[in-house]
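In: sequence plus the predicted model coming up.
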Amino acid sequence: MVIDDFLFEPCGYSMNGVTKNGCYMTIHITPEPDFSYVSFETNIPSSSYREIIQKVLDTFNPGKFTVTIFANQVRCTTISLLVRPCRTEDQSKKTDLSGAISYEVCVTK
Ligand SMILES: C[S@@+](CC[C@H](N)C(=O)[O-])C[C@H]1O[C@@H](n2cnc3c(N)ncnc32)[C@H](O)[C@@H]1O
């Protein structure tokens with residue numbers, strides 16, 4: 001993976017990575033205590049995203065997190081079920097937008 005990252009002054013970090021086959025991974029960290037925020041995004045194909053979601057949670061230990069998955073309709077149910085065990089509080093939303101499906105899970109630890 002080719003990585004381009006940047007450590008902002010006085011704080012903040014951005015990383016964009018691209019694999020040889022065109023997949024990407026990004027991490028953006030906003031550490032300011034009043035509005036701290038981390039985003040992780042990837043389009044790397046996987047039959048289950050549980051492990052990678054768990055790694056991100058273990059790394060950043062967020063107070064709240066949201067998982068958004070964009071998939072075609074055929075795979076939506078499978079992906080939704082795979083995400084379900086990560087939830088500790090039930091606030092899920094399913095949206096159908098002209099063929100694209102976003103499955104969003106909001107969690108409070
Ligand atoms: C990682 S950047 C990007 C945040 C954006 N919300 C995202 O997720 O794509 C935000 C962090 O970098 C810091 N920062 C410092 N200098 C910056 C600059 N010139 N542009 C953007 N962010 C900067 C901000 O204070 C913040 O902590």
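Out: Received it, and whenever you're ready, just let me know what you need.
In: ok, which residues in this protein are in contact with the ligand?
Out: Where the chain comes near the ligand, counting by C-beta under 6 Å from any ligand atom, the residues are 8, 11-14, 28-32, 39. (Glycine included, C-beta is placed from N, CA and C.)
In: pull out the buried positions in stretch 5-24.
Out: residue 17 (16 or more other C-beta atoms under 10 Å).
In: please apply the same query to stretch 53-68.
Out: Of the residues in stretch 53-68, those buried by neighbour count under the rule 16+ other C-beta under 10 Å are 53, 56-57, 65, 67.
In: next one: stretch 22-34
Out: Applying a neighbour-count criterion of 16+ other C-beta under 10 Å, the buried positions in stretch 22-34 are 25-27, 29.
In: for it, how far is the first residue from the last?
Out: Start-to-end span of stretch 22-34 (C-alpha to C-alpha, to the nearest Å) is 36 Å.
In: and if you look at stretch 54-66?
Out: One end of stretch 54-66 sits 13 Å from the other (C-alpha to C-alpha).
In: quick one: the helices in this structure?
Out: All helices of the chain, identified by DSSP state H, fall at 50-60, 73-83.
In: the ones you listed: lowest mean pLDDT?
Out: For those, the bottom mean pLDDT is recorded on helix 73-83, which sits at a mean of 48.
In: what's the span of stretch 15-23, first residue to last?
Out: Its start and end residues considered, stretch 15-23 measures 14 Å (C-alpha to C-alpha).
In: so who does the residue in the chain positioned nearest to the ligand touch?
Out: As assessed by C-beta to the nearest ligand atom, the ligand sits closest to residue 12 within the chain, at 2.1 Å. For residue 12, the contact set (C-beta atoms under 8 Å, 6 or more residues apart in numbering) comprises 29-31.
In: looking at the residues you listed, which are in strands?
Out: The members of the contacts of residue 12 that map onto strands under DSSP state E are 29-30.
In: let me have the contacts of residue 12 in TSV, adding distance to residue 43 and pLDDT as columns.
Out: Output for the contacts of residue 12, formatted as TSV (distance: C-beta to C-beta, whole Å; pLDDT from 0 to 100):
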residue	distance to residue 43	pLDDT
29	20	98
30	22	98
31	26	97
